[in-house]
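Novice: starting from these lines, generate the structure:
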Amino acid sequence: MSHQPVLTIAVPTYNMDQCLDKNLATYRDSALKERLEVLCLNNASVDNSKNIIEAYAHDCPEIFTLVNRASRGYGGSINQAMDQARGTYFRIVDADDWVDTPELIRLVDELESCTADIVLTDYQIVNMATRETTPVRAGEQGIKYGKVFTEFAGPIQTLPSIHGTTYRTGFLRECGFQMQDEIFFVDEEYVVLPYLAAKTVVYYPFDIYRYQVANPAQSTSPQNRAKYQAHRERILKRLICEYQRAKNADPGNPALSYCFERIRRGVGDHFTTLYMYVEDRNEGRRLAKAWQSWLETQTGTFWPPVKQKAAILHLANLLHLSLPCYQRLKGLYLGQK
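Specialist: Just a heads-up that it's a prediction; the model follows:
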């Protein structure tokens, strides 16, 4: 490419050849040539992923680049993409997802003149089993189009996710953000840690990303949440420590309230995993007690807000209640659905 791209998209893949063609096809548009860079990170796949990427890179070298990696690690592949990215802005699209091409073009058009550290956009959740779609709006209704905010509560309607977040590449490098490697759930790092350093955020109502759910192979499935619960705990511990460090350095940091809410939900959600998803209920209680003990040593910031939820989960665990029964119990005692 002779011109600096406006946007770099990282597409990490490990044995995703059945989904990859659908993903990559959504970037191959003449309006994106020399404005979009797609780094296809082949993380030691043993299927046909490499050949699929090579075909796209051969047909459209202005957009596609094959990056072969010896490791399967997701976080390491994103770190490499952030280091290698030539685009002014950077975002991630997982190999089993895809984008809406016209909406992506609208985003690239806006990014030509954008200077914000963080760009929020909308996305749709696509259920693999039913093919039903659910729109997710990142910004408030009636928000001024393209207004740059320095107060993070201003534009945020739902908690930002990896599917609706684009970062200024220079900002990611300036704040020194790196993901942990060889570990699941690093997307939580991606939508918390950079926010602690960001100064500006903008929202564009572009419905870009298509995020597939109801895939049992996803790390967010109950089975995988239980299997990799130690990974989630490691992620949450890093987030809590970095949050405390940022709060001590600047108690007036406008991103703290958002980051607190994001981490609080993760902390509570982890109790659900330990009490309800770990197959051996005794082991789940042991792990939950250890998690609680660690939280209580961290200045008490994140234990009090989840204490009542943890108590109900503990009861549900002892009674061997199913998850639907627990949900009804939680609604009865906490007024939550």
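Novice: mind splitting the protein into its structural domains?
Specialist: 7-213, 222-334 (automatic domain parsing).
Novice: break down this structure into its strands, ranges please.
Specialist: Remark: strands assigned in the chain by DSSP state E are 7-13, 36-43, 64-69, 89-92, 98-99, 118-127, 133-136, 148-149, 165-168, 201-213.
Novice: M276 and V267, how far apart?
Specialist: 15 Å (CB to CB, to the nearest Å). Quick note: C-beta positions are derived from backbone N, CA and C, even for glycine.
Novice: can you check G252 too?
Specialist: From G252 to V267 the distance is 23 Å (CB to CB).
Novice: neighbour-wise, which of the two wins?
Specialist: Each of G252 and V267 has its neighbours counted (other CB atoms under 10 Å); V267 has more, 23 against 6.
Novice: what sits closest to the more buried one if chain neighbours are left out?
Specialist: F302 (4.9 Å; CB to CB, 6 or more residues apart in numbering).
Novice: check what pLDDT G268 gets.
Specialist: In this prediction, G268 carries a pLDDT score of 94.
Novice: residue contacts, it?
Specialist: 305-306, 309-310 (CB atoms under 8 Å, 6 or more residues apart in numbering).
Novice: ok, and the most crowded of the residues you listed?
Specialist: A310 leads these on contacts (other CB under 10 Å) with 22 neighbours.
Novice: burial measure for the nearest residue to it once chain neighbours are set aside, as a count.
Specialist: Spatial nearest neighbour of A310, chain neighbours left out: F271 (4.7 Å); criterion: CB to CB, 6+ apart. As a burial measure, F271 scores 24 neighbours (other CB under 10 Å).
Novice: how near is F271 to N68?
Specialist: Counting by CB to CB, the gap from F271 to N68 is 40 Å.
Novice: same deal with T133?
Specialist: Taking CB to CB as the measure, T133 falls 34 Å from N68.
Novice: now R281
Specialist: In terms of CB to CB, R281 sits 44 Å off from N68.
Novice: do A246 as well
Specialist: Using CB to CB, A246 is found at 36 Å from N68.
Novice: next one: L236
Specialist: 32 Å.
Novice: I'd assumed V267 was in contact with V306.
Specialist: Yes - with contact defined as CB atoms under 8 Å, V306 reaches V267; the gap is 5.4 Å.
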